[in-house]
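Undergrad: model this:
(one chain, ligands or ions: 1)
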Amino acid sequence: MQRYMPDWWVLPAINDQNREFFTSGEIKIQQCEACGQVQHPPEEVCHQCQGIVFDWRSCSGEGTIFSHTVVEHPIPNSLQERVPYAVILVSLTDYPAIRIIGNATNIDADKVAVGQKVRAVFEVIEDEQAKVTLKIPQWEVIS
Ligand SMILES: [Zn+2]
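TA: Numbering: from 1, shown residues only. Next comes the predicted model:
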């Protein structure tokens, strides 16, 4: 899919912790091998037991809008042509306590509402500098 934000918009800096999340093309959540806790965003240390070995749990890619905001006065000002746009916080169906931020790509910003069902879609972007193919999750409202 085409990028929701402009092509010049900053890309995530890939590291060993977030590579799977930003390149797999599915919603994957970090799970601590020692205690089983799931967490997002991916980090080096488990929030529950301070474990440092993780596995990944694949998710359905569906969720519910837990919260949202509409950006009408952009910072930086160079996003002036992009506004208004919605930023949403999605509670995953598989792990409701996990929330992932993104944009609602298929609906006018003023139509976004808490409780709407969403499904992940992925922006495929070649990051020439980092030499990696990114698959950045965004969200489509499905009901
Ligand atoms: Zn743990």
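Undergrad: alpha carbons only for contacts and neighbour counts from here, please
TA: OK.
Undergrad: Are we agreed that residue 126 is in a helix?
TA: No. Under DSSP: H, G, I helix; E, B strand; the rest coil, residue 126 falls outside any helix and is assigned strand.
Undergrad: now the helices: where do they sit in the chain?
TA: Secondary structure of the chain, counting by DSSP state H: helices at 19-23.
Undergrad: got the residues of it near the ion?
TA: 32, 35, 46, 49, 51 (C-alpha under 5 Å from the ion).
Undergrad: which residue packs closest to the fourth one, ignoring adjacent ones?
TA: If you skip the residues right next to it in sequence, residue 49 has residue 35 as its closest partner in space, 6.8 Å away by C-alpha to C-alpha, 6 or more residues apart in numbering.
Undergrad: Return the residues in contact with that neighbour.
TA: 48-49, 51 (C-alpha atoms under 8 Å, 6 or more residues apart in numbering).
Undergrad: could I get these as JSON lines with distance to residue 69, neighbour count and pLDDT?
TA: Formatted as JSON lines, the contacts of residue 35 follow (distance: C-alpha to C-alpha, whole Å; neighbours: other C-alpha atoms under 10 Å; pLDDT from 0 to 100):
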{"residue": "48", "distance to residue 69": "30", "neighbour count": "13", "pLDDT": "98"}
{"residue": "49", "distance to residue 69": "33", "neighbour count": "12", "pLDDT": "98"}
{"residue": "51", "distance to residue 69": "34", "neighbour count": "16", "pLDDT": "98"}
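Undergrad: Can you give me the pLDDT of the residue of the chain most remote from its centre?
TA: Distance from the C-alpha centroid of the chain, by C-alpha atoms, centre = their mean, peaks at residue 34 (25.4 Å). Note for residue 34: predicted pLDDT of 98.
Undergrad: How much space separates the residue nearest to it when sequence neighbours are not counted from residue 18?
TA: Excluding its sequence neighbours, the residue lying closest to residue 34 (C-alpha to C-alpha, 6+ apart) is residue 51, at 6.3 Å. According to C-alpha to C-alpha, to the nearest Å, residue 51 stands 17 Å off from residue 18.
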